[in-house]
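Novice: any chance you could fold what I've pasted below:
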Amino acid sequence: MFTRSVSFRLILFSIAWIAIALVAGSLALSQIFRTHVENTFDKSLYSHIEELLSFGAVTDGKFVMSRHPSDPDYVRPLSGWYWEIAINGEAVSRSRSLWDQELDLKNMPRPKLGELVSFSATGPRGNAIRLSAETFTLPGLEDEITIYVSGAASEIEKTMEEFNETLFISLMALGFGMAAAVLLQIMLGLRPLKLMQSRLADIHAGRAERMVGDYPSEVEPLVKNLNILLENNAAVIARARTHTGNMAHALKTPLAILQNEAANMGDERCKILNEQIAIMKELITRHLSRARAAGGAGVPGLACDINDIITPLKRTLERIYVDRNITITFNAVADLKVMGERQDLEEILGNLMDNACKWARSSVSIIVRRNAHNAIIIIEDDGPGVPEDKMEEILSRGKRLDEATPGSGLGLNIVTELAELYNGTLNLGHSEMGGLAATLELPLIPEQ
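Specialist: Numbers count the residues shown, from 1 in each chain. Okay, here's the model as predicted:
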């Protein structure tokens, strides 16, 4: 799920790139700083070479030291700070800090005349040192002398450790700051898409008919095209329903004429013709209802309040059945909106309520409840009821248990089909009032 998210991918790739860049940058900075530290260290060693050279003198063709450097590091035994002067690769003088050791001059590079070299080496007792060396010629001295000066490499490493620690903390802070900036940037950058998602959810849930709001120029054309698509879709559905209705009404008139003519024929052909006319009427009623609902099922923006449908139907049926003194009770539940078109829901509830009034002796009860996902409408009557073994039969197309009661037998079957088109259900059972209880469940509008 997360791997399909644009936000997740952008965040993942951005943070990965930041991590790679910071690691590469830290390695480069560390190496640059090490080079700088080593160069600075080498310069300090070179200054000691010049100092040692100034303390040297040639007497009777021999090189002698008039005095030694005063730096205490060159006196402290095995401090890592050493100096040694060699002629033709043989040591002629060395610092006291070497104690009873000497530098391994044979395995160290010997610089050419006038050349200054710096390199890392291993000193006495295996300690790492940094050496600088230079070769000179002195008046009165036939051979060249080479001066070696070293310092403890541990000081370079200590400086590098301090720098790397500071660098790590700094880059971590920078990395977290950049990651936070990426998160903020992506959240703000993708906010229009979140707004579009919310608006589309409103349209699908029936809380809005079109997408509204201010959108960036990159998204605005998409929003306009979506609104045009929604408007065209609604227009196409409306035209299709109009044509379906017109066709049904156009067919009903010729059928009525045929039925009247058949009634005057008075023979066996009249019976056959009436049967076929009845079948055609049934098909027209059935498919007209299905065409209406099929057009509305799943269409974004369709939503109806159950109370707004049941209340006027209740008043209408009370007037129709006023001569039978049918009492209809209804408990309204506030803000009970279901997904569907009003015309289809009026047909569903109208059929159920009318059926209850036809069979009721005196009372019809309409109970409305809700659960997490559905609206539950229970329509009960105090009529004779339906035997258990006949429950499924009356939901079949054209089935009626009492042919004396007016009706085509299509009502409950149409209600079942319409309810299924809207992902709802219709169940029949026994009412506590003694008659039939029809329980209709329809999906609620998702909460925002």
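Novice: going forward, measure contacts and count neighbours with C-alpha atoms only.
Specialist: Noted.
Novice: my guess is residue 328 contacts residue 319, does it?
Specialist: No - Residue 328 lies out of contact with residue 319 (C-alpha atoms under 8 Å); the separation is 11.0 Å.
Novice: show me which of the two is the more surrounded one.
Specialist: Each of residue 328 and residue 319 had its neighbours counted (other C-alpha atoms under 10 Å), and the higher figure belongs to residue 328 (20 against 13).
Novice: for the more buried one, name its beta-bridge partners.
Specialist: As for beta bridges, residue 328 partners with residue 364 under DSSP bridges.
Novice: now swap in the one 10 residues further on and tell me
Specialist: Taking DSSP bridges as the rule, residue 338 bridges to residue 304, residue 444.
Novice: residue 378 in helix, strand or coil?
Specialist: State at residue 378, reduced to three classes by DSSP: H, G, I helix; E, B strand; the rest coil: strand.
Novice: need the pLDDT of it.
Specialist: According to the per-residue confidence, residue 378 scores 92 in pLDDT.
Novice: what of residue 183?
Specialist: If you check residue 183, the pLDDT there is 90.
Novice: what do you get for the one 5 residues further on?
Specialist: Confidence per residue is given as pLDDT, and for residue 188 that number is 86.
Novice: residue 284 versus that one, what's the distance?
Specialist: Separation of residue 188 from residue 284 (C-alpha to C-alpha, to the nearest Å): 55 Å.
Novice: of the two, who's got more company?
Specialist: Shown here are residue 188 and residue 284; by other C-alpha under 10 Å, residue 284 has more neighbours (19 against 12).
Novice: for the more buried one, give its distance to residue 428.
Specialist: 26 Å.
Novice: residue farthest from the centroid of this protein?
Specialist: Ranked by distance from the centre of the chain (C-alpha atoms, centre = their mean), the top residue is residue 60, with 89.3 Å.
Novice: phi, psi of it?
Specialist: Comment: the main-chain dihedrals of residue 60 come out as phi 50, psi 40, following degrees, to the nearest 10.
Novice: start the count at 119 instead of 1 going forward.
Specialist: Yes, from this point I'll number from 119; that puts the last item at residue 178.
Novice: ok, it - contacts?
Specialist: Residue 178 makes contact with no residue under the criterion C-alpha atoms under 8 Å, 6 or more residues apart in numbering.
Novice: now the one 3 residues further on
Specialist: If a contact means C-alpha under 8 Å, 6+ apart, then residue 181 has 174-175, 259 as its contacts.
Novice: what about it, which SS state?
Specialist: Of the three states, residue 181 takes strand according to three-state DSSP.
Novice: helices along the chain, start to end?
Specialist: Assigned helices in the chain, in chain order: 124-173, 271-307, 309-322, 338-381, 386-414, 424-438, 460-477, 509-512, 529-539 (criterion: DSSP state H).
Novice: what's residue 326 sitting at in phi/psi?
Specialist: Main-chain dihedrals, residue 326, degrees, to the nearest 10: phi -150, psi 160.
Novice: from residue 311, how far out is the spatially most central residue of the chain?
Specialist: For the chain, the residue whose C-alpha lies nearest the mean C-alpha position (C-alpha atoms, centre = their mean) is residue 123; its distance is 4.2 Å. Between residue 123 and residue 311 the distance, using C-alpha to C-alpha, works out to 12 Å.
Novice: and what of residue 135?
Specialist: If you measure residue 135 against residue 311 using C-alpha to C-alpha, the figure is 24 Å.
Novice: between the two, tell me which one has more neighbours.
Specialist: It is residue 311, of residue 135 and residue 311, that has more neighbours when counted by other C-alpha under 10 Å, with 15 against 12.
Novice: do you know the pLDDT at that one?
Specialist: So, for residue 311, pLDDT stands at 82.
Novice: how about it, what does it touch?
Specialist: Neighbour list for residue 311: empty [criterion: C-alpha under 8 Å, 6+ apart].
Novice: now it: how far from residue 298?
Specialist: According to C-alpha to C-alpha, residue 311 and residue 298 sit 20 Å apart.
Novice: same thing with residue 249?
Specialist: When distance is defined by C-alpha to C-alpha, residue 249 is 47 Å away from residue 298.
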